[in-house]
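Trainee: My questions concern the predicted model and sequence given below.
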Amino acid sequence: SINESQTAYSATHAIDGVSDLMFAEQIAGSYQENFGDFTFNHLLTWISFNASATSVDAAAIWGNITKLTITTPQSSLTVTLSGSIGTPSTVNYSGETSVITVPIISTPLSVKAADLGSALCSPPYSKVIDSKTYYGYDISVSTTGINETKSIFVPLYGTNSQPITDPQVAIGKQYVLSLYFNEVAVVSGVCTLKYWEDEREDLYVDRPSQAS
């Protein structure tokens, strides 16, 4: 939606997980002074997912991935245009947290990694773990073999393999989250920004007892 007031124009759009929202500052030019580059920048963080099992047994236990969600901290984005050339416009993220369902087809787990899909989110939110602040997202996974939904907070890491310290640095970047399904009751993971490199995200579950 577009709003107009006596002082500024603004445009607002919902963060729905599938819309890639972009913006370019206004530019000026004339016959004597040519226009410069009209450069658009991505305003959201792109999270891509893939998954694999660490063994054939683990794949059999978990079954098919039926649902994958990610929680975006804000559900709306507003761009307010500046009143003059050269003055930056403002971008604000607002609204309640929103659970985005990644559109996937029921995917059988195997030892070979499968692409699950992706989602476009607002910048990550902060969480304190062991007295240290991390920025990341809440991820949930449902499968046919396990009755309960598995949920985990996944922090984002930069190209220096260190946790990001400012959520704004994640804007306009793609992070690849690899889900590895194992057989032990532990859930841990990390999501790293690297060119064509995935970091592990481990999901484990107890092996069910055999009937006597």
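Mentor: Perfect, I can see it now.

Trainee: Now residue 44. Its backbone dihedrals?
Mentor: Here is the backbone geometry of residue 44 (degrees, to the nearest 10): phi -120, psi 170.

Trainee: what bridges to the closest residue to it other than its chain neighbours?
Mentor: Among residues not flanking residue 44 along the chain, residue 120 sits closest, at 4.3 Å (Cβ to Cβ, 6 or more residues apart in numbering). In this view, the C-beta of every residue, glycine as well, is placed from N, C-alpha and C. Residue 120 has the following beta-bridge partners by DSSP bridges: residue 17, residue 46.

Trainee: Residue 120 touches residue 22, doesn't it?
Mentor: No. Contact criterion Cβ atoms under 8 Å: residue 120 and residue 22 do not qualify, at 10.7 Å.

Trainee: Give the residue from the two that has the larger number of neighbours.
Mentor: Legend: neighbour count by other Cβ atoms under 10 Å for residue 120 and residue 22, higher for residue 120 (21 against 13).

Trainee: and the gap between the nearest residue to residue 54 once chain neighbours are set aside and residue 165?
Mentor: Of all residues not flanking residue 54 in the chain, residue 182 sits nearest, at 4.7 Å (Cβ to Cβ, 6+ apart). Separation of residue 182 from residue 165 (Cβ to Cβ, to the nearest Å): 30 Å.

Trainee: swap in residue 49?
Mentor: The value you get for residue 49 to residue 165, if Cβ to Cβ is used, is 24 Å.

Trainee: Neighbour count for the two, which is higher?
Mentor: Legend: neighbour count by other Cβ under 10 Å for residue 49 and residue 165, higher for residue 49 (25 against 11).

Trainee: got the contact list for that one?
Mentor: 68, 102, 115-118, 176-179 (Cβ atoms under 8 Å, 6 or more residues apart in numbering).

Trainee: How is residue 58 assigned, secondary-structure-wise?
Mentor: Three-state assignment for residue 58 (DSSP: H, G, I helix; E, B strand; the rest coil): helix.

Trainee: Test my guess that it contacts residue 143.
Mentor: No. When contacts are counted by Cβ under 8 Å, residue 58 is not listed as touching residue 143 (11.0 Å).
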